[in-house]
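**Student:** No sequence on hand, only this structure:
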């Protein structure tokens, strides 16, 4: 790999990894992907080599500027602080708080409840209803919030960190067969986001580790 080029440890289907891929694309940052398969070989995130990078044994992790950062929102905030164009956080403090609130609602309130490690714990027969319940509960709240914050995107008319969290979570909802009819605001914003180049190139169906049958 090219010396000095950022390295993203990523899994094609990981919504947390997708958030970071969108941020890197939006900010025009050239980087290398190191795929970490979350189910192959018992889960490559559990290897000693990867645990040395991220003791939480989760993707994504980003090596950049001589540091390794885990946790997707921390990575996005670091990119925002070091490479502020285009901005992913509004200048207005109230709008900035709304972006962080929506991001946290998804990243802490919905996604962890339906990720791979939790689904393994609830048992095969309970996985689908468990994931659906977690997503529906979160989307019920998110739809109401977006009705007061949204313009073209989650907060006004500028793509923000909140949008980087929204699109991957909608993809999760579709994968778990959640009916999105009750969420017209979420659906509208998501459709607009998926038309943007940064969201398309970072999509799970277009990654180096995407299985051939899932490529588009």
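**Tutor:** Structure received. These numbers were taken from a predicted model, which means no experiment stands behind them.
**Student:** how many neighbours does residue 65 have?
**Tutor:** 12 (other CB atoms under 10 Å). For glycine as for every other residue, the C-beta is placed from the backbone atoms N, C-alpha and C.
**Student:** what does residue 178 give?
**Tutor:** Residue 178: 21 neighbours (other CB under 10 Å).
**Student:** What residue spans form the domains of this structure?
**Tutor:** 7-86, 93-199 (automatic domain parsing).
**Student:** Out of these, flag the one nearest residue 209.
**Tutor:** Nearest of the domains of the chain to residue 209, taken as CB to CB: domain 7-86 at 3.6 Å.
**Student:** Can you give me the end-to-end span of that closest one?
**Tutor:** 21 Å (CA to CA, to the nearest Å).
**Student:** Make CSV from the domains of the chain and add mean pLDDT to it.
**Tutor:** Listed next are these as CSV, based on pLDDT from 0 to 100:
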stretch, mean pLDDT
domain 7-86, 94
domain 93-199, 96
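**Student:** Adding distance to residue 214, write the ones you listed out as a markdown table.
**Tutor:** Below are the domains of the chain laid out as a markdown table (distance: least, CB to CB, whole Å):
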| stretch | distance to residue 214 |
| --- | --- |
| domain 7-86 | 8 |
| domain 93-199 | 11 |
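**Student:** can you pull out the helices in the protein?
**Tutor:** 15-26, 48-53, 72-82, 93-109, 116-122, 127-149, 161-175, 184-194, 197-201 (DSSP state H).
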